[in-house]
Structure formats: structure tokens, C-alpha cells
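[1] generate a structure from the sequence data that follows.
(3 chains)
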Amino acid sequence: MLTVREMDKRLYERYGNTRWWPAETRDEVVIGTILTQNTSWSNVEKAIDQLRLAGCLSLKCICTIESGKLETLIRSAGFFRQKAERLRDLSCSIVSRYGGLEKMITEPREEVEKFLSAQKGVGRETLDSILLYALDFPEFVVDKYTLRIFSRTGIEQESTIESVKEAVASSGIRDPDALKNLHGMIVYLGKDHCRTKPKCSGCPLLENCQYGHSLNERSAE
DNA sequence: AACCAGGAGAGAG
DNA sequence: CTCTCTCATGGT
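    Modelled structure (predicted):
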């Protein structure tokens, strides 16, 4: 049976360091977690470029910028009204409570998690992404690709977010950078076998992989 | 030209 | 608890 350790090793042999979540600042990561919800990264990049160009790629600026202006800047990321409102609320909440993310990383993890979970627009995956990619807490991000790949590779028959987190935690992989890359590699694998490439050739995890790892059940038949 | 992407929330049953 | 609907742009 495939272990998490083995999976990590095989994926690394194929994908190496994926440098998942490219960002120069912690603020940029948090902003990205909201913008990328159900949205392709290429569209998110355009919005981030607009924010950078406007000198507003920070939580402090987003908290104070005029809302119509914010909507315009992030329009390319879709759901722009909803995202503008949630970005503003989240940014203002963080700034008023912690001052900024650099202060936030020094707070107890439990307290930070509780605070973030209470924010509108911060669901399960966004919470994990902020904890790991923006704050460097050792949390493994479980998304749809991860759930699917874990259940298909037989590490877990009935994969849930909690069971996958547990499996990774008990594997001993704790370094935030290692956890970041494991998630990145899993998404790379997921993308390799998405709808456009239903067949998995040379799958690093499964010997006779005939269905790929598509998120679309129909292409799995 | 439908389909979907690095989701979350609100409502119904 | 599990569906289903909405939010919206841009690439294939």
C-alpha cells in the first residue's frame, strides 16, 4: 500500500519544487486566497497585477480603498462584488485586530484559526491556505484534487478532509515548506490528468492508471 | 458554444 | 447532515 511518504517521494521525483503559490508578501497570499476561489489562477494574476499597479496590494490599502474602485481592480477574478466585500472585511478585521500578518504569525495558532474561521469568505480550504501559505503554520491544505488522489491511490478508501489531514500528520511531514510543496505537487498531478488528458501516462502513483485524476467523474469512466 | 477553474454561503429538505 | 443555487470573468 502506498504511504504518504512514498507518495511525496514519487511526486518529488517528477515535479520537484513546484513553488506553489507565487507571491512576494504574506498580504499578497491572503488576497490571492480570496480571489482564487472557484477561479483560474490566470484570472487571479490579472487582478493582482491591477492591485499592484494601483499600489494597493496590501491589506491596509484594501481596507481603505473606495469599494467601487476595488471592484474595478479585481474584476477579472470573477465574483468581483462578493470578493471585493469579503476582501475588505477580512483586511479590515486583520488590520484592526493584529495590525498585520507579521504580528499574526506570533499569535497562538488556535486563536488565529478561530479568528479566521469567523470571517466571511474564509471556508475550509481558504483557512488552510492562509494558515500554511501566508502564516507558515504546519497545516496541510486539502482540496478536491487531494481528496480524489488520496482515495484513488488507496491511502484512504473513504477520504475526508479530516482523514487526509490525519494521514499526512502521522506521516511525520511537518515542515511548512514540505507541506506546501506536497500540496503543490498533488495539484500538478491533478492538472496533468484533468479533462484534457483523461489518460494517465506514466502516472507516478498508480501502475495501471486508466482513469486519470480528473475532478470530473464522467471522464473517469 | 458549453464547460469549468487553486470555493463559500445561504437555503431547503 | 447532504444537495442545490448563486456569485462572474476568461480560456478552451
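
[2] state the distance from A:Leu2 to DNA strand B.
    23 Å (Cβ to the nearest atom of the strand, to the nearest Å). No exception for glycine: its C-beta is placed from N, CA and C like everyone else's.

[3] SS state for that residue?
    Secondary structure, DSSP: H, G, I helix; E, B strand; the rest coil: A:Leu2 is coil.

[4] let me see the contact set for it.
    The contact partners of A:Leu2, taken as Cβ atoms under 8 Å, 6 or more residues apart in numbering, are A:Thr153, A:Gly154, A:Ile155, A:Leu205.

[5] tell me the contacts of the closest residue to A:Ile105 other than its chain neighbours?
    Spatially, and ignoring its direct neighbours in sequence, A:Ile105 is nearest to A:Leu135 (5.0 Å; Cβ to Cβ, 6 or more residues apart in numbering). With contact taken as Cβ under 8 Å, 6+ apart, A:Leu135 is in contact with A:Arg26, A:Leu101, A:Met104, A:Ile105, A:Val112.

[6] among the contacts of A:Leu2, name the buried ones.
    For those, a neighbour count by 16 or more other Cβ atoms under 10 Å gives the buried set as A:Thr153, A:Ile155, A:Leu205.

[7] between those residues, which is closest to A:Glu125?
    Checking those against A:Glu125 by Cβ to Cβ gives A:Ile155 as the nearest, at 19.3 Å.

[8] get me the contact residues on chain A for DNA strand B.
    Residues of chain A lying close to DNA strand B (Cβ under 7 Å from any atom of the strand) are A:20-22, A:32, A:36-41, A:43, A:78-79, A:82, A:119-127, A:129, A:133, A:143-144, A:187, A:191, A:194-195, A:215-216.

[9] buried ones among these?
    Neighbour counting with 16+ other Cβ under 10 Å marks A:20-21, A:32, A:36-37, A:39, A:43, A:78, A:119, A:122, A:125-127, A:129, A:133, A:143, A:187, A:194, A:215 as buried within the residues of chain A next to DNA strand B.
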